[in-house]
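Enquirer: Build me a model from this:
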Amino acid sequence: GRVVKCFGDSVMGAFAGGPPAIKAAAKAMKQIAKKCQRSDGMPIHIKISIHAGPAMVVPLNDINDYFGSTVNQTRRMQKAKTTTTTNPYYTSSSAGEFSLSECGAAVEQRNSTHSECWISESLLEEEEESMDMYHKVCALDGFEAIPT
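Expert: I've put the predicted structure just below:
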């Protein structure tokens, strides 16, 4: 995958498919837990959303940028407040109409970070390999499936 753009404390990436995106999300969650903390010593919580679908590709500043409803849906997933976990570190407000119960699957890193990765139902339904990778990540030490 590659970084498309950064805005605020968010990063948008593009991947060739679901499995590499899910694998990269798990790796990012592990690395951030090991190497990063807030100024007060508390762990940094990250929330990742993965979705697939058509997007409008626009070349800007010699880099392809992505726009459209697929990008918007992914952003709403990322901004939605967690309602299925008791995460003490995530306090963002709800993202309006989007409900995380619409996600196909989710995984939480069960350590001091409580980082989360939400995966759209459409991605899991379209790519059997994505579901396989999701199950592999859930089997990793420190990761756990979140009921959606």
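Enquirer: Please identify the buried residues of the lengthiest helix in the chain?
Expert: In the chain, with assignment by DSSP state H, the single longest helix is helix 18-35. Within helix 18-35, the residues scored as buried using 16 or more other CB atoms under 10 Å are Gly18, Pro19, Ala21, Ile22, Ala24, Ala25, Ala26, Ala28, Met29, Lys30, Ile32, Ala33. Any C-beta I mention is one placed from the backbone N, CA and C, and that applies to glycine too.
Enquirer: now the second one: how far from Gly8?
Expert: Look at Pro19 and Gly8: by CB to CB, to the nearest Å, they are 28 Å apart.
Enquirer: and if you look at Gly1?
Expert: Using CB to CB, we find Gly1 at a distance of 20 Å from Gly8.
Enquirer: more neighbours, these two?
Expert: Neighbours per residue (other CB atoms under 10 Å) separate Gly1 from Gly8, with Gly1 holding more: 13 against 5.
Enquirer: need the contact list for the more buried one.
Expert: Contact analysis of Gly1 by CB atoms under 8 Å, 6 or more residues apart in numbering lists Gly13, Ala14, Phe15, Ala16, Pro20, Ala21, Ala24.
Enquirer: same check, this time on Pro19
Expert: Listed by CB under 8 Å, 6+ apart, the contact partners of Pro19 are Glu127, Glu129, Ser130, Asp132, Met133.
Enquirer: the helices in the protein, which residues?
Expert: Counting by DSSP H, the chain has helices at residues 18-35, 69-79, 121-126, 128-139.
Enquirer: about what we covered before: now the buried residues of helix 18-35 as a markdown table including pLDDT and distance to Asn61?
Expert: Below are these laid out as a markdown table (pLDDT from 0 to 100; distance: CB to CB, whole Å):
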| residue | pLDDT | distance to Asn61 |
| --- | --- | --- |
| Gly18 | 88 | 28 |
| Pro19 | 90 | 29 |
| Ala21 | 90 | 24 |
| Ile22 | 89 | 29 |
| Ala24 | 89 | 24 |
| Ala25 | 88 | 26 |
| Ala26 | 86 | 30 |
| Ala28 | 86 | 25 |
| Met29 | 84 | 30 |
| Lys30 | 82 | 32 |
| Ile32 | 81 | 27 |
| Ala33 | 75 | 33 |
